Every structure is written in C-alpha cells, then in structure tokens.
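# I would like the atomic coordinates for the input below:
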Amino acid sequence: MENPSMVMKSIPVHEAVGTILSHDVTQIIPESVKGPAFRKGHIIREEDISKLLDIGKQNIYVFGMSPGMVHENEAAERIANAAAGKGFHFSEVKEGRVNLVSEYPGLLKLNKEALFQLNSMDGIVFGTMHNNQQVEAGQAVAGTRIIPLVIDDREIVAVENICQSNYPLIEIKPYNAWRVGLITTGSEVYSGRIKDKFGPIVKKKFKALGSHVTRQVFVPDDVKMTVDNIHRFINEGAEMVILTGGMSVDPDDLTPTSIRAAGGKVITYGAPAFPGAMFMLAYINDVPIIGLPGCVMYYRASIFELVVPRLLAGESVTKADIVSLGYGSFCAGCKVCKYPLCGFGKC
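Okay, here's the model as predicted:
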C-alpha cells in the first residue's frame, strides 16, 4: 500500500536536491561496473547532480515528503543516540541502518524489556548480540533502522521516550584492572609430585581481561593454611581471590570448607553449567572468593567466562544470576571450539 505521506513524482534532475530517490539508479560501465550508483531512499545532494547527468538521467522519480515525517537515515541515528549508553561509536548510515560499535573491550549489557518495547512498535527494528557477552574494541554489537523510507516524527519521539525511561538500553561496561590472588590447593601439587597446570591458564585468562595475578601460592589439603592465605591476600589488597583444586565432594577435597571457614558468605556452591558445575562463589566483605573446578583447565569456555567477566565489570553476581545460567550453559562439545560464536552461555 502506498505511504500517504509520500508522493512519487518525476522532476528534472537539477531540481532534485533534497528529495528522496524512489528507486535504485544503476550505473553501467562496459567491462567495469554494473550496479547501483544510488539506492532507493537516498537523499539527493548537490554533488550527486553531476553523476546523475553522467549516467544519463535528465529527469528522475523522487518522493516528496510531507511535513512531520522523518527520513530513514535520520530516524536510525536518533534511535541509536537515544538507546546507546557509554562505550559506543556509530557506523556511517548505510541504506537506512546504523550499527553500534564497541569503543573498548568490555561486557555488553542490555535492557531486554525495553528492547522488547522498541521492537514491538510497527516499523522499528533494533537487533543486538546477546546480553552479558564479552566484546572487543571495534566490534559491531547492534544495529537499528526503520522499515519504511520515512516515518512519522511522533513514532521516533515515542522511541526516544522509551529509551529515556530505560536509559541506557545498551552499553559496554569496561573491565576493572584487578589484583588477583591465586591459591592452588592439593597435596600432590604442593609436594611437587604433580606439576601445576592450572595456574598458567588462570593467569592467561585474567591477563586477557585486563587484570593480573599478583602472586600464586601452593597449599596442601589443609584448611588452616588455605584460610590463612585467603586472609593474607585480602590484607595485601587483592580484589579477588581464586582457588583451584579440591572442588569436588570427595572427603579430602577441602576448598569449599576452607572458603566457608575463612568467613566467606557463600552465594553458590554448584552452578547449572557444563562445564563448570562444581563452582563456588563467595564474598568476604566486597572481595569475591572463587573456587574454580578443574574443567576450567580443559575448556576454552566454561563457568569462568560466564561469571568472572561480570565481576570484573563491577557487577555483584547473585544466586539468581547463577540460577539463570541453566538456560544456555550446556557446551555442545564442538570438535573445534568457536566460542564466543556459539550458544554457550547465551541465556
């Protein structure tokens, strides 16, 4: 059905500046170029006139736009500006679409309810990557546009009001550069019978997130020694303490017992994630104390990737946050891991 706010008419090219092109204009250069020189919806500028004449267009079909209507390019820019919080720059408008591009590495955060409201409006589309996903600098994470070539300004004002009431609809939370203490438990490692392979992996993961392990200590399966080292790291200024080893329910695996004995307020022991079920998160004051299961050594993506980045972004992870991981946190076990370009952790 024809949009009543737009009337198509043929006018001389010299009179077309400021009007909206109603169809693609194809340019053909034999054995060189064949394709659209201008696309439908393009707002004709003064500098376009010469090229249109070179293509052979003396007259051109354009849309005349009624007052109070907004062109698709302007609409997309206004929606993006209204929705975006910190951490973005915008792509150039192309065919009515604007992409939101991350300015720095961080955690993508979305207001999913507000996003649902926007996409429930006729003619408005706003697509994003998954919430709580790690993103890199320069990565496009969302895009928006309108469906028609023009839209009533009141519709865009309504979008802007939704975004203002739910600001920010989308943002990138940067990671904090934290000092991390690492305690490796287990008599077999402490005695030197088995070489520690967990520590280097943990250090590498934290380095990739902009934090660093200040020191690693080894303790046997001894509650008092483990508790003493947790307190020592906190007193030294560690902003997070990681414990590896001893996370199963075997009688001689004492890491969960040690975390409790140190005064840790336990958020969870166990997580609905595979890999990562034998995970523990506790707090001593504001310091997260984490017991990592052995699977973190062997999987590129595990419970570590689902929880630790959120902590480094300044979030306080709750029991409800852990419970919500159950939907989407089963690793498919692909022969070649493609994380984060897969469904793992995308709840």
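# C-alpha only now, for contacts and for neighbours.
OK.
# quick one: mean pLDDT for the host helix or strand of G199?
G199 belongs to helix 198-208 when elements are defined using DSSP states H and E. For helix 198-208, mean pLDDT is 97.
# extract the CA atoms of it and return them as PDB.
Presented in PDB, the C-alpha positions along helix 198-208 are these (Å, rounded to 0.1, in the frame of the first residue of the first chain):
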ATOM      1  CA  PHE A 198      46.000 -24.800  36.300                       C
ATOM      2  CA  GLY A 199      47.900 -21.600  37.400                       C
ATOM      3  CA  PRO A 200      49.300 -20.600  33.900                       C
ATOM      4  CA  ILE A 201      45.800 -21.000  32.400                       C
ATOM      5  CA  VAL A 202      44.200 -18.800  35.100                       C
ATOM      6  CA  LYS A 203      46.900 -16.200  34.700                       C
ATOM      7  CA  LYS A 204      46.400 -16.100  30.900                       C
ATOM      8  CA  LYS A 205      42.600 -15.700  31.300                       C
ATOM      9  CA  PHE A 206      42.900 -12.800  33.700                       C
ATOM     10  CA  LYS A 207      45.500 -11.100  31.500                       C
ATOM     11  CA  ALA A 208      43.200 -11.300  28.500                       C
END
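# run me through the strand neighbours of the following helix or strand past that helix, direction for each.
Under the assignment DSSP H and E, the closest C-terminal helix or strand after helix 198-208 is strand 212-219. Here strand 212-219 has these sheet partners by DSSP bridges: strand 179-185 (parallel).
# which strands or helices does the helix or strand following the strand it pairs with pack on?
Using DSSP H and E, the helix or strand that follows strand 179-185 in sequence is helix 187-190. Applying 3 or more Cα pairs under 8 Å, 6 or more residues apart in numbering; DSSP states H and E, we find helix 187-190 packed against strand 212-219.
# now do the strand it packs on against helix 198-208: the angle between them, please.
160 degrees (axes from the mean of the first three to the mean of the last three Cα atoms, to 10 degrees).
# pLDDT below threshold where in the chain?
1-7, 31-33, 251-252 (pLDDT under 70).
# quick revisit: okay, buried residues for the helix holding G199 please.
Across helix 198-208, burial judged by 16 or more other Cα atoms under 10 Å covers 198-199, 202-203, 205-206.
# could the residues you listed go into a markdown table alongside distance to N161?
Below are those laid out as a markdown table (distance: Cα to Cα, whole Å):
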| residue | distance to N161 |
| --- | --- |
| F198 | 50 |
| G199 | 49 |
| V202 | 44 |
| K203 | 45 |
| K205 | 40 |
| F206 | 39 |
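# ranges for the helices of this protein?
48-55, 72-83, 112-120, 153-165, 187-190, 198-208, 223-235, 255-261, 303-312, 319-324 (DSSP state H).
# reformat the ones you listed as CSV; add distance to G96.
Listed next are the helices of the chain as CSV, based on distance: least, Cα to Cα, whole Å:
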stretch, distance to G96
helix 48-55, 18
helix 72-83, 5
helix 112-120, 16
helix 153-165, 14
helix 187-190, 60
helix 198-208, 36
helix 223-235, 52
helix 255-261, 54
helix 303-312, 34
helix 319-324, 36
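# show me what contacts the residue lying closest to I259 once chain neighbours are set aside?
Distance criterion Cα to Cα, 6 or more residues apart in numbering; nearest residue to I259, sequence neighbours excluded, is V227 at 6.9 Å. Taking Cα atoms under 8 Å, 6 or more residues apart in numbering, we find V227 in contact with 258-259, 261-262.
# how near is V227 to F233?
Noted for V227: a distance of 10 Å to F233, by Cα to Cα, to the nearest Å.
# who does the residue most central in space within the chain form a beta bridge with?
What sits nearest the mean C-alpha location of the chain, by Cα atoms, centre = their mean, is L108, with 2.8 Å. Assessed by DSSP bridges, L108 has beta-bridge partners I172.
# count the residues that sit near the closest residue to V317 other than its chain neighbours.
Distances taken as Cα to Cα, 6+ apart put L311 closest to V317, at 6.8 Å, once the chain neighbours are dropped. Neighbourhood size, L311 [other Cα atoms under 10 Å]: 15.
# ditto for D54
D54, neighbours per other Cα under 10 Å, totals 10.
# distance of it relative to G294?
68 Å.
# isn't V98 right up against A140?
No: the criterion here is Cα atoms under 8 Å, and V98 misses it with A140 at 10.1 Å.
# those two: who's more crowded?
V98 (24 against 19).
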